[in-house]
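Student: curious how this folds, go ahead:
(2 chains)
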Number of protein chains: 2
Amino acid sequence: MADVAESERRILVAVDEGEESMHALSWCLKNVVSQNSKDTLILLYAKPPRAVYTALDGTGRSEDPSGYLFSSDILAAMEKYGADVAACVLEKAKKMCKDLQQDAKVEARVENGDPRDVICQMAEQLGADVLVMGSHGYALIKRAFLGSVSNHCAQNVKCPVLIVKKPKTNAGSK
Amino acid sequence: MADVAESERRILVAVDEGEESMHALSWCLKNVVSQNSKDTLILLYAKPPRAVYTALDGTGRSEDPSGYLFSSDILAAMEKYGADVAACVLEKAKKMCKDLQQDAKVEARVENGDPRDVICQMAEQLGADVLVMGSHGYALIKRAFLGSVSNHCAQNVKCPVLIVKKPKTNAGSK
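Tutor: Alright, predicted model coming up:
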């Protein structure tokens, strides 16, 4: 690495439950993070707002004008499910960091909101030097959010954005 | 760098006459290229087709149904101008590589065509491990090509894509 590696870069990696974001993290650890640098990896999991979960059953009932949706028990269970998924994703991501870059400083964050907004806001707020993300993340909420999260972030985040696609398993790429 | 640094990565950098692409190259040299790796930097200048130059006078005469445009002298002069710009941009880019990463292997290429197509094709053809580009490149041809070149490439290139924006001079970012 060049002289900049001596500085303390803040590398923000947006992670989600998809394999693609884990691949993006892995690529970043192998290709961007330096072994002897003072880089800090910030793993960010954006937890979509509750309205998204209620839309996930595919029936569109969340838009039912009657306003009747789910009992508080079900909402609480969904909330817990969301928190469990976030914890699970971040654990997996932290383990990958430890496996691939033992010495890297790693922070993990969960933020609530539309991933597009959350990622852009956090990149700014945390003073990220680079944002790393998969290209097809957040498949679960594709129906709820139009447009690609990575496209939106590439357009709106001020710092450099690295978009990593997961190669198809039968692809001949390196 | 992790073990991957030992491999010979092919880093494709799309350069143009804009400051943003030079900033992207500089960021890449400082943050992605390793000093002791066997990385190869491939500097790619996409020379827009002649039709674009003829549209550059802003009068839209290139779409004139009369088909009368420019004399062959003017077309030849434009062609030469395009080649001169390409050479100048690549010289500047090569100098930057030498200044920031003395040992890096550097190749330079000029390809004719719509930058969006050229960059995507070359990324595939050259087996690029990562594509690096500015986000607002090709300002000169903005009027001729709708949509952002970097957006298009981020969506269509299979390898990881790093989009680097040039920070505003008065911005407080690093």
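Student: make sure I have this right: A:Lys158 is in a strand.
Tutor: No: with DSSP: H, G, I helix; E, B strand; the rest coil as the criterion, A:Lys158 is coil rather than part of a strand.
Student: pretty sure it sits against B:Pro167.
Tutor: Yes: here A:Lys158 lies in contact with B:Pro167, judged by CB atoms under 8 Å, at a distance of 6.7 Å. Using the backbone N, CA and C atoms, a C-beta is placed for each residue, glycine as well.
Student: neighbour-wise, which of the two wins?
Tutor: A:Lys158 (17 against 14; other CB atoms under 10 Å in any protein chain shown).
Student: quick one: find the helix or strand in chain A with the lowest mean pLDDT.
Tutor: Counting by mean pLDDT, DSSP states H and E, chain A has its least confident helix or strand at helix A:50-55, which shows a mean of 53.
Student: which element follows that one toward the C-terminus?
Tutor: Using DSSP states H and E, the next helix or strand after helix A:50-55 towards the C-terminus is helix A:72-100.
Student: how far away from the center of its chain is that following helix?
Tutor: Here the centre of mass of C-alpha atoms in helix A:72-100, compared against the chain's by CA atoms, centre = their mean, to the nearest Å, lies 12 Å away.
Student: what does stretch A:35-52 give?
Tutor: Centre-to-centre, stretch A:35-52 and its host chain are 6 Å apart (CA atoms, centre = their mean).
Student: anything in that stretch near chain B?
Tutor: Yes: shown here: stretch A:35-52 in contact with chain B (CB under 8 Å from any CB of the partner chain) through A:Gln35.
Student: just the buried residues of that stretch, please?
Tutor: Applying a neighbour-count criterion of 16 or more other CB atoms under 10 Å in any protein chain shown, one finds A:35, A:37, A:39-48, A:50, A:52 buried in stretch A:35-52.
Student: kindly report the same for stretch A:105-113.
Tutor: Taking 16+ other CB under 10 Å as the neighbour-count basis, stretch A:105-113 is seen to contain the buried residues A:Val106, A:Ala108, A:Val110, A:Glu111.
Student: could these be laid out in CSV, adding distance to A:Ser71, pLDDT and secondary structure?
Tutor: Formatted as CSV, the entries for the buried residues of stretch A:105-113 read as follows, by distance: CB to CB, whole Å; pLDDT from 0 to 100; DSSP: H, G, I helix; E, B strand; the rest coil:
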residue, distance to A:Ser71, pLDDT, secondary structure
A:Val106, 38, 96, strand
A:Ala108, 32, 97, strand
A:Val110, 25, 96, strand
A:Glu111, 27, 96, strand
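Student: closest to chain B out of those?
Tutor: Here the nearest of the buried residues of stretch A:105-113 to chain B, counting by CB to the nearest CB, is A:Val106; it sits at 14.8 Å.
Student: isn't that closest one right up against A:Leu43?
Tutor: Yes: in this structure, A:Val106 is within contact of A:Leu43 by CB under 8 Å, at 6.6 Å.
Student: now do the shared contacts for those two.
Tutor: Counting by CB atoms under 8 Å, 6 or more residues apart in numbering or on different chains, the residues touching both A:Val106 and A:Leu43 are A:Lys94, A:Cys97.
Student: what is the neighbour count of A:Gln121?
Tutor: For A:Gln121, the number of neighbouring residues by other CB under 10 Å comes to 15.
Student: pLDDT averaged over the helix or strand it falls within - what is it?
Tutor: Taking DSSP H and E as the criterion, A:Gln121 maps to helix A:115-125. If you average the pLDDT over helix A:115-125, you get 95.
Student: now check that helix, is it near chain B?
Tutor: No: using CB under 8 Å from any CB as the criterion, no contacts between helix A:115-125 and chain B are found, and the smallest distance is 8.9 Å.
Student: mind listing what's buried in that helix?
Tutor: For helix A:115-125, using 16+ other CB under 10 Å, the buried residues are A:Pro115, A:Arg116, A:Val118, A:Ile119, A:Cys120, A:Met122, A:Ala123.
Student: may I have the helix or strand following it exported as CSV, CA atoms only?
Tutor: Scanning forward in sequence from helix A:115-125, with DSSP H and E defining helices and strands, the next element found is strand A:130-134. Coordinates of the C-alpha atoms in strand A:130-134 are reproduced here as CSV (Å, rounded to 0.1, in the frame of the first residue of the first chain):
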residue,chain,number,x,y,z
VAL,A,130,-14.9,4.4,1.2
LEU,A,131,-18.3,2.6,1.1
VAL,A,132,-18.3,-1.1,0.1
MET,A,133,-21.5,-2.9,-0.8
GLY,A,134,-22.9,-5.7,-2.9
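Student: for the closest residue to A:Glu124 other than its chain neighbours, give me the pLDDT.
Tutor: Closest residue to A:Glu124 in three dimensions, ignoring its sequence neighbours and counting by CB to CB, 6 or more residues apart in numbering or on different chains: A:Lys158, at 6.9 Å. Looking at A:Lys158, its pLDDT is 92.
Student: which residues of chain A score low on pLDDT?
Tutor: Judged against pLDDT under 70, the low-scoring parts of chain A cover residues A:1-7, A:50-70, A:136-147, A:169-174.
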